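A.B. asks: Fold the following.
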Amino acid sequence: MTMLLSDYRLQLFAPKCNPSAEYANCLAALRDDIREVFPYLNGSLKGCQYNPEAPFLRFRREGHIIALRPRQASAARRDCFVGLGPSQLQERPEPTGEAG
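C.D. replies: The predicted structure is shown next:
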């Protein structure tokens with residue numbers, strides 16, 4: 001069996017629209033291209049928004065919106081990061097072009 005993800009870099013950051021929020025957004029930069037699983041996820045998860053031309057997949061999981069791109073995953077997760085101060089959160093990274 002081939003492993004889909006060999007490595008990723010995780011960033012937590014305060015939302016720009018509410019920097020004092022008691023939750024953080026999460027962005028994972030993926031080393032590997034995961035677009036090959038998008039059709040399978042789209043077929044097995046309810047309520048997905050899938051655009052194969054973009055390529056982009058978005059779905060809700062436990063009340064949070066998860067967005068997947070070939071080399072990036074992002075999510076806003078509330079209540080898990082209560083207690084993190086602004087010094088522990090990074091600035092929201094600027095979007096990067098897709099590698100490969």
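A.B. asks: Tell me how far the residue nearest to the spatial centre of the chain lies from Phe13.
C.D. replies: Centroid-nearest residue in the chain: Ser74, 1.3 Å away (criterion: C-alpha atoms, centre = their mean). Relative to Phe13, Ser74 is positioned 10 Å away (C-beta to C-beta, to the nearest Å). C-beta: built from backbone N, CA, C; applies to glycine.
A.B. asks: Quick check: neighbours shared by the two?
C.D. replies: Taking C-beta atoms under 8 Å, 6 or more residues apart in numbering as the contact rule, Ser74 and Phe13 both touch Asn25, Leu27.
A.B. asks: if we can go back for a sec, beta partners of the residue nearest to the centre of the chain?
C.D. replies: On the basis of DSSP bridges, Ser74 takes part in beta bridges with Leu27, Ala67.
A.B. asks: Pull the contacting residues for it.
C.D. replies: Going by C-beta under 8 Å, 6+ apart, Ser74 touches Asn25, Cys26, Leu27, Ala28, Ile66, Ala67.
A.B. asks: wait, which of these is closest to Leu41?
C.D. replies: Leu41 has its nearest neighbour among those in Ile66, at 9.8 Å by C-beta to C-beta.
A.B. asks: Just confirm the closest one contacts Gln72, I think it does.
C.D. replies: No: contact between Ile66 and Gln72 fails when scored by C-beta atoms under 8 Å: they sit 11.4 Å apart.
A.B. asks: Now do the strands in this protein.
C.D. replies: 8-13, 24-30, 49-51, 56-61, 64-69, 72-77 (DSSP state E).
A.B. asks: of those strands, which approaches Leu41 most closely?
C.D. replies: Minimum separation from Leu41 across the strands of the chain (C-beta to C-beta) falls at strand 56-61, 6.0 Å.
A.B. asks: Please put the alpha-carbon coordinates of the closest one into PDB.
C.D. replies: The C-alpha trace of strand 56-61 is given here as PDB (Å, rounded to 0.1, in the frame of the first residue of the first chain):
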ATOM      1  CA  PHE A  56     -10.800  21.800  -5.100                       C
ATOM      2  CA  LEU A  57     -12.900  19.800  -2.600                       C
ATOM      3  CA  ARG A  58     -14.800  21.300   0.400                       C
ATOM      4  CA  PHE A  59     -16.900  19.500   3.000                       C
ATOM      5  CA  ARG A  60     -18.200  19.900   6.500                       C
ATOM      6  CA  ARG A  61     -17.000  17.700   9.300                       C
END
